[in-house]
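Trainee: would you be able to build a 3D model of this:
(3 chains)
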Amino acid sequence: MMPEVHQNPLTNRESEAPMLPEAWRVVANDWENHDTFTLQLERDSGGPFAFLPGQFNMLYGFGRGESAISISGADEESGTLYHTIRRVGTVTRALSELNPGDTVGLRGPFGSAWPVERLFGRDLVFIAGGIGLAPLRPAIRYALAHRERYGNIVILIGARSPEDVVFPAEIDQWSGTEGVETRVSVDRATPDWKRNVGVVTNLIAKADFDPSNSAAMICGPEIMMRYAILELNKRGMDDAGIFLTMERNMKCAVGFCGHCQLGPEFICRDGPVFRYDHFKHWFSQREL
Amino acid sequence: MSTLAPIIKQHSFFSGLDDETIDVVTGCAKNVRFEEGTVMARQGDPANEFFLIREGRIAVSFPAPQGGGLTIQTIDADDIVGWSWLMPPYEWQFDIIAVQPVRALAFDGKCMRAKCEQDTELGYELMKRLSRIMVSRLQATRLQLLDLYGNNRPAQT
Amino acid sequence: MREEPQILQRADFGALFTALQSRGFTVVGPTVVDQAIVYEELDSVEDLPIGWTDEQDAGRYRLRRRDDEALFGYVVGPQSWKQFFHPPHVKLFGASRDREGALRFESSNEETPRFAFLGARSCELHGMAIQDRVFLGSGYVDSEYAGRRENSFTIAVNCGQAGGTCFCTSMNTGPKVDAGIPHDLALTEILDEERHYFVVTVGSEAGRELLSELPTVPAAGPETRAADELVAKTAREMGRTMNPKGVKELLYQNLEHPRWEELADRCLTCANCTMVCPTCFCTTVEDVTDLTGENAERWRRWDSCFTIDFSYLHGGSVRQSAKSRYRQWLTHKFATWQDQFGSSGCVGCGRCITWCPVGIDVTEEIAAIREEP
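Mentor: Numbering: from 1, shown residues only, chains lettered A, B, ... in the order given. Down below sits the predicted model:
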């Protein structure tokens, strides 16, 4: 039996005011590449902050607004949180301009999570496109930290160009881990690029996993996810073994604003992580 | 049976063909190795061969006048590269570069064409297999054209 | 809460206002403004639409004089009570920078108003119960909504007539105020040749307490029968009907029905239907800063799935076409709502039909989709 996605344990649901941000301090703000940066934040009030891999926070840029940003990692000792963000609009631009010592507003964590600890004993296939690696990174880190509890681990990463690959140093580290197949494929490169060129979904056909006892976790542009599912199905993987994460316009993250609806699902509350067989009917509809 | 026959039989491109047929195509094959960085074929060169990749990775690249060039696709082990030998003008359309040490089987294009003409059943079978690969490469190329990671992402504001 | 129904004479109706006001409630109810019956603060019984009725049809709403002096002789107008629980514009928080430049956040500390709603119809009570499930019953709690709901007192009215676009009997939401649907008191207005009175039933402990203060007498058999018969007559006079059977499956299976295209030719995507709907709850947010740049506020404002921005993602909106936006609204209201909140999102009040400038009628559209394409 394939496990379900993790619903938000709602550590924050008792909150009197789910729309009220809390102040977090910027510890560091580093560029990953020309348009993507990672904000490292610590809680002003101290105190623990529990989250599950795949969950997101609402980050507030002063006077500009909020944006839904997945948690790309955490430092267990210091308790700092990482958010890896692409600069695409007003809010993310404001966030990109923050300096260490500045504060941001944060609400969260929200949403469902990758069911990593319900997948022991299986092969894992992670498929990331572009910044889609950010929401997957906590799950990959979890899997690698519990390496002995899984079968093969396959990490397939797609990006536009070698310069667009996020977390390159960490990817090199994963590549060096035994029993972990890590492949990076970019859309175009110069011939000195030693990794793959082509769409990331090309790599699925020959990746080393047992389709009858594995689970795939996918995050990337919808078209990429569609083709990834097609390739996984071709390999014989069941829809119930495929987990994906969705993105839609979000204003509130708690199911009040209605913006992120996709069919009967509120992406903010019922997602962003879905098990594909439950979501299939809605995933394939246009303009929904 | 040639020593190459078992290798050919195991490669996914020829999988499922009977021994007799394998022997026929083996007659056109030879073992080749390329060091990392070798240009295995240049754009405009006569396309006398195609390669069955056994190990390593090759890049399909557009050469650039200032050197370097632009790789649009890489091909790994258990795949094939090259179909310019199939149709006129029988010239490579891209540079083929070994980005890792490559072990491959090179098939003589003229030899293969002759065999296909003689044995049209074999010819048709090989055309089907090649078409499947060409179509999947075309689809992959179309996806690449979408510049997926560039624009269509994400809901951040 | 089984109590004997009581009789309140029309002449004593003012006592109800007095009792509510003495308890600190602001009375809100129907009144005539700009030739429509809207919900506003009322000072006295004289503010009610005495002697008025309405005529409604698809895309049409007119007030007419009645030949009597009924207080509640009309159905529902363009507004619903949601504006009082879920205000169209509400402050979510204020943010300011302190001397060190650090951000401080404060929730809006406005005092929660205490409203008494006079004249809520059964369909409207169902609308409130549906919004309760959205804002109180699905995990997170909207404190603004919760506070306003908690503080309110509701006097319902059984409908003595059906409107031209009403279909509450189809949606099983009226016209009679059921004991099971939250309210404090329920009135049935009776005008016969000699008398003008109200049969009052109790819906809550607070209602019972308030009623005990009013100059009432126990209702007699003929009076309660008159009330029952009136509501039964209303049920028979519904302006519209809709077959709600299997509507969820119907819409789920017909996301590409040709009717959507046809609808898109008529729909102006004006969002009227979502504004007048008593259950539509969607909102957007606005961020404002003052001129010093040291203070910012975040506000929530009603939004509509008919706007193109509603589904905006970096790179463009998901629902570009009018077809997809109308489909979203109707499918949400009648189908996906059931999966989300365990009930239909429609209460059959007919507002979306009346206030549609081109007269699109949801009952007709669903019937058309039910027919084979």
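
Trainee: what number of residues lie near the nearest residue to A:G198 once chain neighbours are set aside?
Mentor: Computed as C-beta to C-beta, 6 or more residues apart in numbering or on different chains, the closest residue to A:G198 that is not its neighbour in sequence is B:Q73, at 4.8 Å. Every C-beta, even on glycine, is put in place using the N, C-alpha and C of the backbone. Using other C-beta atoms under 10 Å in any protein chain shown, B:Q73 is surrounded by 22 other residues.

Trainee: need the pLDDT of the residue of the stretch 1-150 of chain A found nearest chain B.
Mentor: Closest approach of the stretch 1-150 of chain A to chain B (C-beta to the nearest C-beta) occurs at A:G130, with a separation of 3.3 Å. At A:G130, the model reports a pLDDT of 93.

Trainee: ok, now which ones touch it?
Mentor: A:G130 is in contact with A:86, A:158-160, A:164, A:220-221, B:148-149, B:153, counting by C-beta atoms under 8 Å, 6 or more residues apart in numbering or on different chains.

Trainee: which of the residues you listed fall within strands?
Mentor: A:86, A:158-159 (DSSP state E).

Trainee: look up how far chain A lies from C:L291.
Mentor: Separation of C:L291 from chain A (C-beta to the nearest C-beta, to the nearest Å): 12 Å.

Trainee: nearest to A:E265, of the ones in strands among the contacts of A:G130?
Mentor: A:R86 (23.9 Å; C-beta to C-beta).

Trainee: give me the beta-bridge partners of the closest one?
Mentor: Beta-bridge partners for A:R86, by DSSP bridges, are A:T36.

Trainee: burial of B:V32, as a residue count?
Mentor: Neighbour count of B:V32, defined by other C-beta under 10 Å: 15.

Trainee: specify the beta-bridge partners of C:T289.
Mentor: Bridge pairing for C:T289 - DSSP bridges - gives C:A296.

Trainee: what's the burial count for the residue of chain B found nearest chain A?
Mentor: Relative to chain A, the nearest point of chain B is B:Y149 (3.3 Å; C-beta to the nearest C-beta). Using other C-beta under 10 Å, B:Y149 has 25 neighbouring residues.

Trainee: also A:H278?
Mentor: 15.

Trainee: average pLDDT across whichever strand or helix holds it?
Mentor: According to DSSP states H and E, A:H278 maps onto helix A:276-283. Summarised as a single mean, pLDDT over helix A:276-283 is 93.

Trainee: and stretch C:200-216, by the same measure?
Mentor: 96.

Trainee: one more: stretch C:173-191?
Mentor: 96.

Trainee: just stretch B:10-18 next, same as before
Mentor: On average, stretch B:10-18 scores 91.

Trainee: related to what we said a few turns ago, now do the contacts for the residue nearest to the residue of the stretch 1-150 of chain A closest to chain B when sequence neighbours are not counted.
Mentor: Using C-beta to C-beta, 6+ apart and skipping residues adjacent in sequence, the residue nearest A:G130 is B:Y149, 3.3 Å away. Going by C-beta under 8 Å, 6+ apart, B:Y149 touches A:129-131, A:158-160, A:164, A:187, A:220-221, A:224.

Trainee: swap in 10 Å and give it another go.
Mentor: A:86, A:128-132, A:158-161, A:164, A:186-187, A:200, A:220-221, A:224 (C-beta atoms under 10 Å, 6 or more residues apart in numbering or on different chains).

Trainee: residues touching stretch C:103-112, excluding its own?
Mentor: Counting by C-beta under 10 Å, 6+ apart, A:16-17, A:19-25, A:44, A:60, A:62, A:102-105, A:107, C:90-98, C:143-144, C:146-152, C:296-300 sit against stretch C:103-112.

Trainee: now list the buried members of the residues you listed.
Mentor: Burial by neighbour count, 16 or more other C-beta atoms under 10 Å in any protein chain shown: within these this picks out A:17, A:19-25, A:44, A:60, A:62, A:102-105, A:107, C:90-97, C:143-144, C:146-149, C:151-152, C:296-300.

Trainee: center of chain B, which residue is that?
Mentor: The structure's chain B has its C-alpha centroid closest to B:V81; by C-alpha atoms, centre = their mean the separation is 0.8 Å.
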